[in-house]
Structures are given as C-alpha cells and as structure tokens.
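Chemist: give the three-dimensional model of this entry:
(chains A, B, C and D)
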Amino acid sequence: MIHFISKRLKHSLVLLLLASLVCFTLVVSAPGNVAVLIAELRGAVATPGYVEQVAEEIGLNKPLLMRYVDWLGDAVRGDFGISYRTGQDVSADLANRMSVTGTLIAGGAAIATLISLALGFLGAFWPYKLPDRVSRGLALLGASTPTFFVGALVIYGFSVTFQLLPSFGFDGPQSWILPWLTVSVLPAAVLSRVVRVGLEEAMASPFVLTAKSKGLSRTAILFRDALPNITPIFINALGTQVGLMTATAIIVEPLFAWQGLGDYFLAGVRFRDFMVVQACLLIFLTFFILVNLIVDLAVLLTDPRIRRQWS
Amino acid sequence: MTHAPVLKVENLQTRFKSVQRGKYVHAVDDVSIELYPGEIVGLVGESGCGKSTLGRTIVGLEKASSGRVLLDGVDLSALSGAALRDSRRALQYVFQDPYSCLNDRQTVGEAIDEALIIDGTKSPDERNRRTRELLDQVGLAYAVKDRHTRELSGGQRQRVAIARSLAVNPRVLICDEPVSALDLSIRAQVMNLFLRLQKDLSVACLFIAHDLALVRQAASRVYVMYLGRIVEQGPSQELYDHPSHPYSQMLLASVPEVDPRVEKLRSGPLLMGEVPSPTNPPSGCRFRTRCPLAVDDCARRTPPSHGLAPDHNAACVFAPDLHGGKRSALVHQPA
Amino acid sequence: MKKLNPILARMSKMPKAALITIGLFVALGTFAPWLAPQDPSTQNLLEAGLGPNAAHWLGTDHLGRDTFSRLIIAANTSLVSVGSVLGIAMTIGIAMGTIAGYHRGWVDDLLMRVVDVGLSIPSLIIALAVIGIVGPGYWTMVLALALAWWPMSGRISRAVAVSIMSKPHIEALRVLGASPWRIYFNHLLPGTIGAVMVYATADAGVAALAVATLSFLGLGIQPPTPEWGQMLVDALPYLESDPRQVLLPGLALTAAVIGFNTLGESIALNRIPKPLTRRMLAARRIEVAGWAKEGIDAQ
Amino acid sequence: MHNEPLLSVNNLTVDLLTSKSAVRPVDGVSYSVRQGECLAIVGESGSGKTVMNFAPLGLMPTGVTTNLSGSVRFEGQELIGLSEPEIRRFRGKSIGFIFQDPMSALNPVRRIGRQIAEMAELHLNMSPRAAEARALDLVKLVGISDPSARLRQFPHELSGGLRQRTVIAIALAGEPKLLIADEPTTALDVTVQAQILRLLKDLQQRLNMAMVLITHDMGVVAGAADNIVVMYAARAAERGPVDKVLVNPRHPYTQGLINAIPRREDPIGSEFRGLPGVPPTLGAPINGCAFAPRCELAVAACTRSRPPMAPAVDSKVSVACPVVNQGKAAA
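Modeler: Residues are numbered from 1 along each chain as shown, chains lettered A, B, ... in the order given. The predicted structure follows:
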C-alpha cells in the first residue's frame, strides 16, 4: 500500500515535470517573435533597438535550457510573469480566479454525482421499463446538447422568461445555481450511463446467479453485489468528468460573466497572451494529474483486485 | 532407439512477468524432452503445471528465457526472421479451442489456401489439388471448402484446423488438449484421426492432455510434469504399471473409475492441496509440499533423476524403492 | 465489399431513429449547396429579425439572412469539418494502435503512455492551447481537434488489435510461419478498421459538438461561413427579443448529436442481453405452440 | 410421508425464448430424488441437463424467457406456476446450489466471510455477529485451512479448489434439504476434483441431504451417485440405479458413451471406440428418437414416433428405446 502510494507519487511528479516541459515548449515554438509582440503591445514603436531591449529584459537571449529552468523555478515559487496584454502580474490574477473556477467545478461535480446516481439506479431498478426509458432519454438529451446551448436555454428560461435567478455575476449562492446547473448537465448524463450500463453488466455476471441462488431479492442483489462492483468504475469516470469540467468552465464562465480560470485562459488564447496561456495550461495540467492521483488512490481502496497487484 | 530425434528440447526455461510487480512466474524450468519420428508422446500434469507453456514455447508462441529447441538437429534459437519462420514451419500446433483457432471470416478453403500460400505453393491448381487431398486426409468432404468456419461443428472445425497444419508438411505436431473442448461422443473420432496421421504421414506428436486414460492409449511414451519440471518419464505401459514418482502415483490414483464396483473399493489417501504458485516455487523438490514421503533432504536439493528401467526415469530420492514396490505414496506413512 | 459486411451487420442492429437522423445529417450536409433555397450570406437589413413567412420559412437573423438556408449550409460545414477531424485522427490512431497492439513490449508501453496523457486532458483544452499559440483558422481548428482526438481512436484500435493478436487464429498463423506483413495487413488491420469505424461513427457527435463549441468561442469556423455554434453566438445578444435565432441552430446541432449518441449507446448496451420485447415474445410463443402440437401428435 | 420423494419431476418440458431463437432444451423428462439420496444427471453439452434443474427455480440468465410445463414438486409443493418471490423462498433455504466455475461464481469485490454470512442472516434470522460465527463453522466444515483468516480474504486470493469449497459453504449455509451441484468439478484439476467429490459425498451423507449431481463425466458418477438419468438431446434416454446402468447399460447411447471411455486393458496405440456422427444442436423438438441417426439398432419405427420411457427387464431401470424394450417383450 505504502509502496503503491510512493510509486504513484513519483509517477505524478514525473508527469508534472513532463507537463511543464510541454507548456514551455508550446510557447517557445510559437511562430513570430515574442519580443516584437510585447514591444507592440506596450504601445511603443517596435524599433529593432527596442525589440532587442525587450528580448534582453524577458530573457529571450539566454539558452533554452536556462530559460526553462528560470521559468520553472519562478512557476514553482508562484511567479508566472507578467501578462503581455495587460502588463499585470499573472499570479495575482490566478489566485482570485482559481477560487471561482473551484466553486464552479465543486458544485457541478456534486450535482452531477447526485443526478447521475439517481438516474442510473432508476434505470437499473426497472430496466427497459418506463423509468429506465425516461432516464435514458434524459441522459441522451443531456449528453447531446451543447453546453453553450444549455447555458442559453437556462438563461432564457430562468432569467429572461421567469426572472427567478440572476444570469450573470459571482455574488452569493443564488448566482451560482445556473452555472452549476449548466456545467453539471453533460457529466450527469455521461455518469448516469456509466451507472446504468455498469449495474446492468454487473447484474448479468455469473456471480449474480449465485446471489439469486441464495434467495436474495433483486433489490438486495443490486445493492450488495452490483453496487460494490461499479464503485471503482464510477470513481474513475467521475475523475474524468471532473477533469473535463475545466473545459466546460471555458464555455460557461464567459456566458455567466464569471471571472474564472476558464475565462482567463480563453482571453489568453484570443489575444495570444502566451504568459497567460502557459500559466493556465500548467495549472490545468497540474489539476488533471492531481485528480488522477486521487482517483487512483480511491480505486485502490474500493477494488481489492487492484490492491492485490501492489501487495 | 537408434535413429535421431526429430525434436530435441534442451534445458528449456520460460519465465513470465508476474501480475505482482517485480516477480516472475517460472512456468517452465529446465525441461528437456525428445521426440522421435512418427511417435506419439504424452505430456501430462495438472493445469498450471506449465505443460501448455512448454508446448507454446517449443513452437515459438512464447519466448524461451534460456535453453534450445533443435528440429532435425538444427538449433532454432540460432535462427531469426524469415529463416526461422521457414524452419519452424515443420513444427505445428493444434489448439485446444477449435472455435477460436480459425478466422471466422474465412471459409474452410480460404483458411487452407492461406497456409499453402505461406508454405510457398504458387500455382492455384496445385493448391486446389492439395486442399482436396488435405480435406480427404482429415475425413471431410471437398464440398466443405466453401463453408464458413463458423457454420461447422466443433469436431469439424478441429479437423479443418488439423488439415491446415498439415498443409505445410509438418514433421512434428504439438497437440494442446486437442479433444477436451469436444463433445464426449465425438472425441474418439478425432483421436483416431491422430492415430491415422501418425501412421500414414509418420508425423511425430507431442500430446498434451490432462486425461490420463486418453494419453495412455494413444502415446507410446509419457512425460509427467509438475510445476514447470518433468518429474517422471517412461514408456506408457511401464509408467502406468509402475509409476515411480509419488506425484505420478497419486495422479494416477485420483482418476475415478466408471465401474461402481471398482470405484467403491478405491480408497487411497487423496493428493491433498493444490499446485503451489509458480511465482514462488518450493525449494529443492517442487512436489515436497504435497508429498506424503517428503523428508528434510527434499527441501535442500533438486532430487536427481534415477534410471529405473530402459528409458524410464523419475526425479525422486525414493524412485528406486517406489519402482520396486518397497514403498508407495498411496499408503499412509508413519510420521 | 466483403470487408464492409461486418460493419453493415453491426449497423443493422442499431436503432432506426439513429440511422434516420445520421442519414439525414449526412444527406443534408452533402447536398446542402443544392438544397438551400437562398444564398446564406445575402444580407438584407430591411428584412432583419423577421418571423417565419413565405419567403423565409424559418425567418431571418439580425442581418436579414435566411435562417433556413443558413441552417442547411451549416450542416455541410459541420459534416466536412467533423469528417476531416475524424479522418485524420483515425488514421493516426489506427496506425499507432495497431503498431502498438502488434508489437507490444516497449513500443506499446511508450505509445500507450502518450495516449493516456492525451486522454486525460480534455480535447477542448488541447485544441485551445494549439489555437492560442498558432492563431485561429479553419485548418488550425481541424488539425488541433485531430491532435486532441487521435488518442481516443488510438486506444480503441490498440484494444481491438491486442484482442485480435491474442486470438488463437493469429497464433495459428504465426505457427504456420506467416510473415509479419501478412498478419498485419491481411488479418490485423482489416479487423481493427472495421471495429474502430463503428466507434468512430458513434464519436462523430462529440466531434460535432467540439467544432460547434470552438466556433461558438469564435476560434473555429469564421464568419460569414454559417455554422450552428457560430450562428448561436451571433444571435445570443438578441436572446430576449428573438430567442428563435438561438433555439434553431441549437436544436439542429442537438438533433444531429442525438443521432450519433444513440448509436454509441446501442453499441454500449449491445454487450448485455436484453429482455425480449412483447412483440418478439409473442412471435416466439407462436413458434413454440407449433411444437407442442407436434409432441402430442407424436405420442 | 416417508415414501414421498423430496423432489419429484414429472414430464417436465422447458422452452427457452430469446431474441435470437426459441429452443426446447428439456422435453418431457421425469425423475425423482429422495431424502439422503444422490441422483446423477449425465449428458453432453447441450443435452439440457443444467436448464432442467435451474429453470424451474427461476435461475436463468437475463435476456431469456422460460416456458415451463409439466410438474416439479418439492416436499409435495408444486413449483411450476409460482411467482418469483414465492420461488425465491425455496432458493438457498430449502435448496442449495453449487456452480460449475468457482472462479466466476463468487463476487470479486466482497469478502468471503460476508458472502457466506449473509446466507445465515437471511435464512436463519441470525444477527451479523452470529452469522459470522456460523460462517466460520461452515468454512471449517468444508475443510478450508486457516479458516478465520480466509473469511477476510477476497475470492481472487484463493485457489480454484478453495473457491469451490467456499461455494459449497454458501450452499450449505441455509441448511438446505437438497443440494443441486452443476458440474461441480469440471473446472477443477483431476486431483482437486477427487477432493471436492469426496467432500460432497461426505457432507451429503453426514447432513442427510439429497443431492442432484449434474455432470458430463461418467467417471464422477460411480463413486458419488445412487441413481442416474442419462440425457440425450433434451430427453432422458435411460434412468435407474447407478450399479445397474453403469455396469449393464441398455440404451444404445448409454452403451456407446460408456464404451467410449478408454480402459486400462486397451492396447497402446489401438483405435479409440466411439459413437459415429455428431449430437444434434438444440432447436425444435425432434420427431421420433433423437439418437436414431447415430444408432446401429435403429429401425424405421424409431424415427416415426418418440419412444416412451419404459421399464426394462430389470424393472428398476427404464429405457427410452423401442428396440431394447421390444427385445424385453420377446425374451
């Protein structure tokens, strides 16, 4: 067990290093001279002399390896440099925005988990009957509707037509509800399929015949035998969906005028603000690696078969 | 036997990476066997004893970690690439499951044709003639060639698989439980096919099976394998009449009798426990953990192989006593 | 043609509704230039924001362009970009997957490590990162999405390839001394392509969503080319006054994606035996009733 | 009451309806088992032997609809026509089951102890603590070494033989009167097979249970069973006491099957004896005798009508073969 954790931690560290390398290379390999870009953004006339000065200032003239080490060192200390566009400290922006995106993902994940478990069990309880059809229909609809359309619909429904909830801003739980709802639709739909198909598959396994031969009722078999079998699968899928929600945040945050990481990243991409893109990407990648680590540990706790491999 | 063996396996060893990290499964450990032209040789043992892995390693489906396989005196481990494929073609394998060893999408004719093409038969007329001949050899009508393999019964499929193996003119067939997936009432038909092929084509067969009675009737010699090693070998009649390794004795004694009058009299001690994990095999004699005769010395060193009768060897310190009947694994020993 | 049979056989099992939707989407997308009644980019500010009428069946947008024509042309845009993305991604994925599945060992380990990392990062983020560095554009979008997409088909191809390679019929070929060439091109590749195509078709819905999302963010298909996501974002400022212009492209996109997702769902559920439908049960009972009579007669 | 069999099956016919096909794997079969008695049901794959025992008790895989006719009485109570909750009361409590493949019969993510103890909680109304104690007793009863440690383990940590012992412990936990064992030794090695068979026989006698032993292996029948039913293509071919049927088989199929087993007297390298042809695949019921196409004794009448099961010379043995039965009339 300890062996596994230490090995898994090492694995994560290697991945982190790899991720940082990718982020760094992406920006270095970008076409066009960054120094020219910055010089133009600062409004000054980009004379060759001034460009040279900028290049010197941001360390463009140093060898690549040095630049990487410098950048990584700064990043570890929480210094992500200065935005090319606004000239502001990237790190200061990140700190505020992380909590916004965190709120979005945490709320969305919780809602998605609840809805998906409810829908999935409904379907598995009455397979191919009415509740199952309804749950499958909802899941299909949820997985097929583009998130930006869901956002538009909830704004039109809850804010424009009935004026129940605010359609933008990040102040208080009331303003959180619509973004949460929007961000949770896709993962809820996907996860409910995971629960439904997983339970159905578990219920078709040979050991369910043994459970039936014991005289257990279908309900008892569903909860005692099938449920523990899908727990690791569900945790895995939930991890993937939580990771995916960072992407959804990119769509949802601008829609509801939330100043989160997704919004920041999108702006960075739009204006080719490399420092911002790089910083956000590194944070996203770190987040995925972290989520994967937690998922692996949780699966280890719930699946004795995997536990054995590491004993 | 004066003539040279067609297949000679020397000190073969096969190891796999274990599911448990950093450990190895010692599936086949220092095994040497010989096959002479036109003989059927049995290889018996419990499942998990490595007999299938041995067969698969011989034909190259698993990689040997050490040891040599010599076919007609040619060392296959020294060859590689196309030369290896061409030489090893004389060594064919018959699979246990007749359902998955043929490609579902091919017809019988296409399956056999492909083997002939691989073997280098260029002319289509010649391939047609050979297909007819091969189907006839395994007792199938020529018309079967246009059927899809999935439409055939298990017995028919196994015949097709055998015909395909024969297409490349093998000298040796390694048969891995070739009838255990077939219905009881048709096993004899396929077994008789093997007997006929051995007589007509003088192909040598290594017959891997857990059904001891089947092996006794088909094979002239038998190897008994336990946990990756050959523990006893000898001519069938001699070995079945005078099993001289405690494992062979107990294995033979555990086969139930069909006749209730005989079965009710049978009451030796059973071979207790199960084959230990090949990831951590016992030291010294690997059978000692289940052996009623085991003494301290068995844990210390691998028992030497004792010659007991012409061509009959057993790797047990008590083999001469067991062979002579002075001792038996089948009576309770005083502790 | 013979190689298509297993694909067709699998497709015959999927729900009719999905087939019809996908068929409609593909037909509409292919023949869009001939089907659209009007030029999708002709602006007429005098007719802006109209409701449905005889000239404009589904009304006009805020620039007075015919919504119906724009919706149809958007199907073409979507089909072409999704097709390109999946085509490129699948070619890379199948090549990588089959090579990994054929070779195993360190080649496999390395490729699958790359695929795992690729899969754990949402495709939208990969695509945005590429667009952020290279700058927006049609081909940037297609290539960026293909880059984000290939690990998916790579993993499926690899799984299929490994299962094919471990089948005794491939082992039998190896024992027969078939060249690696023959095993790879005659047995492994056709089997893998067949299986992966079905998954890829089911995945087309998600790819369509990705194209629309990038266009919605203004980083995919650029105006004036009509695209559903971009039409929706165009109309979003007028949500209160003219919600129809937001709803229509959203519904069109959702409908197309539902078609593909239904296919995906039927693939996932096909592995599990289903209870008989009432109609099927009745048919079987009639069949069995015939036997019972035979039995009585015989006795 | 003493003469009433524990389980009596009369003219049982089972149709299985799936989305792909309709088949009749059991066609008019009758047999009975008394308390403390062991009946072996022998047949090749596809002869309907498993369906015959599992379908009336509602133990069929999902996606299959069963049509039952005839009668299955357990302790005088008719099982056919009962609803699922009513049949469920028999499972585990009155009738225990053992399955062919112990690898897949146990839930991989639940501890052995829980899987046994939940039976005691369900059927003997025990508290979880008492049920754990009972599980420990059962694990000892089936001869598992180091029992208290085993209870905390998961199925994949045990060998095949230990898993089958666990399945047996589960089957015994509800104190059943009848044990139905479906090929309990097929997935196991010959040495482990001998251990499990001896254990089953011993438990059956000690606990005075009735047992139905479903198998394709004539070898396991002789030592364990009192009576035998030989199945061929959904029908019973021969039925009677083991020491009569195995020693002196009457039906040509039984004869062929027993004759096909290699004997120690057979010279090495000699032809194997067997039956010609192949067994029919399951489907619609066959007119006349299903074995006729492979039978040396077949006459025209065999294919005309279905041969009834009739007592042979020795009235304890019944055979469904008109030729054999006519021979009796002539004798």
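
Chemist: so residue D:116 makes contact with residue D:173?
Modeler: Yes: between residue D:116 and residue D:173 there is a contact under CB atoms under 8 Å: 5.6 Å. (Each C-beta comes from the backbone N, C-alpha and C, glycine too.)

Chemist: intersection of neighbour lists for the two?
Modeler: D:134, D:135, D:138 (CB atoms under 8 Å, 6 or more residues apart in numbering or on different chains).

Chemist: pipe those residues into TSV and attach pLDDT, neighbour count and secondary structure per row.
Modeler: Output for the shared contacts of residue D:116 and residue D:173, formatted as TSV (pLDDT from 0 to 100; neighbours: other CB atoms under 10 Å in any protein chain shown; DSSP: H, G, I helix; E, B strand; the rest coil):
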residue	pLDDT	neighbour count	secondary structure
D:134	94	20	helix
D:135	95	29	helix
D:138	95	24	helix
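
Chemist: which regions of chain C sit below the pLDDT cut-off?
Modeler: Low-confidence segments of chain C (pLDDT under 70): C:1-14, C:271, C:292-299.

Chemist: those strands in it, which residues are they?
Modeler: Shown for chain C, no strands are assigned by DSSP state E.

Chemist: how close does the residue nearest the centre of it sit to chain D?
Modeler: Closest to where the C-alpha atoms of chain C average out (CA atoms, centre = their mean) is residue C:204, at 1.4 Å. Residue C:204 is 28 Å from chain D, where distance means CB to the nearest CB, to the nearest Å.

Chemist: residue contacts, the nearest residue to that residue once chain neighbours are set aside?
Modeler: Spatial nearest neighbour of residue C:204, excluding adjacent residues (CB to CB, 6 or more residues apart in numbering or on different chains): residue C:260 at 4.9 Å. For residue C:260, the contacting residues are C:18, C:21, C:22, C:201, C:202, C:203, C:204, C:205, C:206, C:208, by CB under 8 Å, 6+ apart.

Chemist: mind checking which of those residues are in helices?
Modeler: Counting by DSSP state H, these place C:18, C:21, C:22, C:201, C:202, C:203, C:204, C:205, C:206, C:208 in helices.

Chemist: which pLDDT value goes with residue 264?
Modeler: Using chain A here. Residue A:264 is assigned 92 on the pLDDT scale.

Chemist: that was the other one, I meant chain B.
Modeler: Reported pLDDT for residue B:264: 76.

Chemist: for chain D, what's the nearest residue on chain A?
Modeler: residue A:215 (3.3 Å; CB to the nearest CB).

Chemist: which helices and strands does the helix or strand where residue D:236 lies pack with?
Modeler: Applying DSSP states H and E as the criterion places residue D:236 in strand D:235-241. Where contact means 3 or more CB pairs under 8 Å, 6 or more residues apart in numbering or on different chains; DSSP states H and E, strand D:235-241 is packed against strand D:22-33, strand D:227-232, helix D:252-259, strand D:318-319.

Chemist: ok, the last one: who's next to it in the sheet?
Modeler: Note on strand D:318-319: by DSSP bridges, its sheet partners are strand D:235-241 (antiparallel), strand D:310-311 (antiparallel).

Chemist: for the longest one, output the C-alpha coordinates as PDB.
Modeler: What it means is strand D:235-241. Extracted C-alpha coordinates of strand D:235-241, given in PDB (Å, rounded to 0.1, in the frame of the first residue of the first chain):
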ATOM      1  CA  ARG D 235     -34.700 -36.100 -23.400                       C
ATOM      2  CA  ALA D 236     -34.000 -38.800 -20.900                       C
ATOM      3  CA  ALA D 237     -32.500 -41.900 -22.600                       C
ATOM      4  CA  GLU D 238     -32.100 -44.100 -19.600                       C
ATOM      5  CA  ARG D 239     -32.800 -44.000 -15.900                       C
ATOM      6  CA  GLY D 240     -32.000 -46.300 -13.000                       C
ATOM      7  CA  PRO D 241     -29.700 -47.300 -10.100                       C
END
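
Chemist: what does that strand contact?
Modeler: In contact with strand D:235-241 (CB under 8 Å, 6+ apart) are residues D:27-31, D:226-231, D:245, D:249-251, D:253-254, D:290-291, D:306, D:309, D:312, D:314, D:316-321.

Chemist: tell me the buried residues within those.
Modeler: Among the contacts of strand D:235-241, the ones that count as buried by 16 or more other CB atoms under 10 Å in any protein chain shown are D:27-31, D:226-231, D:245, D:249-251, D:253-254, D:290-291, D:306, D:309, D:312, D:317-321.

Chemist: about what we covered before: which one of the contacts of residue C:260 is nearest chain D?
Modeler: Scanning the contacts of residue C:260 for proximity to chain D, where the rule is CB to the nearest CB, the winner is residue C:18, at 18.7 Å.

Chemist: doesn't residue C:255 make contact with that closest one?
Modeler: No: using CB under 8 Å, residue C:18 is not in contact with residue C:255; the gap is 11.3 Å.
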